[in-house]
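1. Predicted structure and sequence below. I'll ask about it afterward.
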Amino acid sequence: MTRRFGAPASAGVAVKGARHTRAPNRRRHVALAVCAVFHAACGLAIAKGTEPTPAGLARLSIEELADIEVSSVSKRPERLADAPAAVFVITRDDIRRSGAVTLPEALRLAPNLQVARASSNSWAISARGFNNTSANKLLVMIDGRTVYTPLHSGVFWDVQDVIIADVERIEVVSGPGGTLWGANAVNGVINVITRQAQQSIGTVASVGAGNEEQGLTVRHGLLLGDDAAVRGYVKTQRFEASERQDGSALSDAWNRQQAGFRADFGKSAAWTVQGDVNQGKAQGGPGFPDRLVSGGNLLARYSREFDDKSGLQVQAYFDSYRRRQPSFFDEDLDTYDVDAQHHFGLRADHEIVWGGGLREQHDRTRGGALLAFVPANSTLRLINVFGQDTWTLSPQTKLTFGLKVEHNSYTGVEYQPNVHLAWKPSEQTLVWAAISRAVRTPSRLDRDFYIFIPLGAPYTGRLLGGTNFQSERVTAYELGYRAQPAKDVSVSISAFVNDYTRLRSIEANGSGDFVLGNNIRGRTHGLEAWAGWQVTEMWRVNAGVSLLSEDLKFEPDSTDPGTTASSGNDPKSQLFLRSSWSLGDDLSLDLGLRRIGALPSPAVPAYTALDARVAWRINKVFELALSAANLGGRHVEFNSGANTAWFGRTYLLRLTCLL
């Protein structure tokens, strides 16, 4: 694996509308047209003499997985086996063999996340609690580009997309990452890392059709010399509407299109330039127009490794985003971000990482008849400097301490420190402990949000933004163990206790209305564990479990007439089991089982889901795969009521051409 410094070398709101009438003849003509385009793309690649690259599909052994370099824990390359944090790595092969076609589906593979699908086009994703469709305590990055919106500090998952085949890995860190990554890295960090252009030479064309999703993807990469390469892609997807319990259609069908490129140049001093453009549309519900989204981004990165212990990285990106949600709000957001970081060895026993950055976001949000953001136009600015020192106390023991100082437009200066202690009694065993503090800085929803009509009992008045809303805080205590007790077995166990203060509440203002305040505090604690066993050379089993307990309460001076349940809706337990079996060189079978505990408020029953994928490598060029999800039957994953989405069995047949 190429050694790189720092961040990776590359980085909803539910809407409802009428279900489209299915037209079999029209569908057949569309399918034939898609197949024609697919075969034309493959034929073009063959004519140009591109070479097949099947070797990249091999599965890593348990020992090779321990040697994967991750950068999300310490903001510098380090072996997964040496990273003192609860980090789970979703590999490229894991994603491919799962049959996932969206990022949220791929994130289901991480046992240290809560992932729930709320509708056809919206998800609730969080780590260590506080989950909802606008979960605001999780930092998400794609190739080093932060993708959460300052509107509510959450992620619109319907617009975050990549070419699944080009994902190198997804690093999922549960626990605070504020010292290195800043605002929003309260309960975890998701870092999606795509492959360098040099690793994706040739053409991949894929067409899929099923009872829920249809899509077409074409990507082509070529060498520009000994140390330069570029790739480009286009993709389109359509998702059918979900259904109510009685089988009637909900109005949430949607589609999206995306295109992009990535170019990498150089070896010891490397440049990366990449960008994407996208657009999408979702049904807006009976009597409402469709929701429209569009956007684009451009990122440039320079990185240089001076020697084995020192390196420099400078990165800048521009991201422009538009969301049109008629009758609710329209948002235009432009983000400018630049940061630099440097790591070096000080004497023989200190590894220093330091740097800083500036992010400026121009947000223009216009409300509708029900709500507004005042002022409509806002400029938000984040400025930060950070430093972290890893001190080798002995050959087996390292102490890491760091601090980020960050200034934001709402609350001024915030401090986010951490301390990690790591002990390696043997090469295959790591024991670590950490104390960290992180903050979630205010969003526009916290400060500038206005709802003009009563929310409903017990909130009988309007809801106004809190002009004095402060940053939410967490102090986290963690203890972890990671080991490879046998050549073919790996284990990771993490326990945590999180103390929260100044969580968001809804306070009476004395005049019949309500304002957002900071009068909830509390504690969560839990356990996360996962293990892998290479049963035979052709068969691997992975298992994971997460346990969570939450105890939140109002401050004594709170006037919130509701309950703390609005902070999130989380299962107390989750259980995951995956089996990956290669039935020879050309056939593979993958099974995934997950048991998700009940949600308390609103109440959602526990459910068990079984997924399967069988793939046949027809030859060096073609692969045919059939994926099936929710074979255990229909279930709800989030929300409740008559218009709740029930998810049943889905099937997807995918033909991939690899050249």
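-> That came through fine.
2. now the strands for the stretch 501-650 of the chain?
-> Shown for the stretch 501-650 of the chain, the strands assigned by DSSP state E, counting those that start in this stretch span residues 514-536, 539-554, 573-582, 587-596, 607-617, 622-629, 650-658.
3. just the angle between the longest one and strand 573-582, please?
-> Between strand 514-536 and strand 573-582, the angle formed by their directions is 40 degrees, by axes from the mean of the first three to the mean of the last three CA atoms, to 10 degrees.
4. name the helices or strands packed onto strand 514-536?
-> Using 3 or more CB pairs under 8 Å, 6 or more residues apart in numbering; DSSP states H and E, the elements in contact with strand 514-536 are helix 62-66, helix 444-448, strand 463-464, strand 489-508, strand 539-554. Just so you know, the C-beta spots here come from the backbone N, C-alpha and C atoms, and that holds for glycine as well.
5. Ok, the third one next?
-> Packing contacts for strand 573-582, counted by 3+ CB pairs under 8 Å, 6+ apart, involve strand 539-554, strand 587-596.
6. hang on, isn't Thr335 packed against Asp319?
-> Yes. Assessed by CB atoms under 8 Å, Thr335 is found in contact with Asp319 at 4.3 Å.
7. now the helices and strands packed on strand 514-536 as JSON lines including mean pLDDT and mean neighbour count?
-> As requested, the helices and strands packed on strand 514-536 are exported to JSON lines (pLDDT from 0 to 100; neighbours: other CB atoms under 10 Å):
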{"stretch": "helix 62-66", "mean pLDDT": "88", "mean neighbour count": "16"}
{"stretch": "helix 444-448", "mean pLDDT": "95", "mean neighbour count": "22"}
{"stretch": "strand 463-464", "mean pLDDT": "92", "mean neighbour count": "18"}
{"stretch": "strand 489-508", "mean pLDDT": "97", "mean neighbour count": "20"}
{"stretch": "strand 539-554", "mean pLDDT": "97", "mean neighbour count": "18"}
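8. can you put the ones you listed in CSV and add distance to Leu180?
-> Formatted as CSV, the helices and strands packed on strand 514-536 follow (distance: least, CB to CB, whole Å):
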stretch, distance to Leu180
helix 62-66, 22
helix 444-448, 24
strand 463-464, 35
strand 489-508, 18
strand 539-554, 23
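9. Please name whichever of the ones you listed is nearest to Gln160.
-> When those are compared by CB to CB, helix 444-448 sits nearest Gln160, at 19.3 Å.
10. following the closest one, which helix or strand comes up?
-> Moving toward the C-terminus from helix 444-448, the next helix or strand (DSSP states H and E) is strand 449-451.
11. Select, out of the helices and strands packed on strand 514-536, the one closest to Arg347.
-> helix 62-66 (28.2 Å).
12. which helices and strands does that closest one pack with?
-> strand 472-486, strand 489-508, strand 514-536.
13. Throw those strands into CSV and include distance to Asn255, thanks.
-> Below are the helices and strands packed on helix 62-66 laid out as CSV (distance: least, CB to CB, whole Å):
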stretch, distance to Asn255
strand 472-486, 36
strand 489-508, 34
strand 514-536, 35
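14. Tell me which of these sits nearest to Asp93.
-> strand 514-536 (12.6 Å).
15. Per-residue confidence, the residue at the greatest distance from the centre of the chain, what does it come out as?
-> Within the chain, Ser511 marks the point farthest from the mean C-alpha position, 41.0 Å out by CA atoms, centre = their mean. Ser511 carries a pLDDT score of 89 in this model.
16. and it, how far is that from Gly517?
-> 15 Å (CB to CB, to the nearest Å).
17. Same check on Ser134?
-> Computed with CB to CB, the distance linking Ser134 and Gly517 is 18 Å.
18. okay, those two: which has more neighbours?
-> Gly517 (24 against 17; other CB atoms under 10 Å).
19. Once you drop chain neighbours, what's closest to Leu455?
-> Distances taken as CB to CB, 6 or more residues apart in numbering put Leu463 closest to Leu455, at 5.8 Å, once the chain neighbours are dropped.
20. How about the contacts made by the closest residue to Asn519 other than its chain neighbours?
-> Among residues not flanking Asn519 along the chain, Ser558 sits closest, at 3.7 Å (CB to CB, 6+ apart). Listed by CB atoms under 8 Å, 6 or more residues apart in numbering, the contact set of Ser558 reads Ser505, Glu507, Gly517, Asn519, Ile520.
21. what's around the nearest residue to Tyr500 once chain neighbours are set aside, how many residues?
-> With CB to CB, 6+ apart as the criterion, Tyr500 has its nearest non-adjacent residue at 5.1 Å, and that residue is Val474. Val474 has 24 neighbouring residues, counting by other CB under 10 Å.
22. hey, what's Val474 bridged with?
-> Counting by DSSP bridges, Val474 is bridged to Ala438, Tyr500.
23. Contacts only, for Ser320.
-> Contacts of Ser320 (CB under 8 Å, 6+ apart): Gly295, Gly296, Asn297, Leu333, Asp334, Thr335.
24. can you rerun that using 10 Å?
-> For Ser320, the contact set (CB atoms under 10 Å, 6 or more residues apart in numbering) comprises Val277, Ser294, Gly295, Gly296, Asn297, Leu298, Asp332, Leu333, Asp334, Thr335, Tyr336, His362.
25. Distance-wise, check the closest residue to Arg231 other than its chain neighbours relative to Leu659.
-> Computed as CB to CB, 6+ apart, the closest residue to Arg231 that is not its neighbour in sequence is Gly221, at 3.3 Å. Distance, Gly221 to Leu659, using CB to CB: 11 Å.
26. Please apply the same query to Asp226.
-> 22 Å.
27. And Ile190, by the same measure?
-> Ile190 is 31 Å from Leu659, by CB to CB.
28. just Ser582 next, same as before
-> Noted for Ser582: a distance of 23 Å to Leu659, by CB to CB.
29. Since that was my last question, I'll sign off now.
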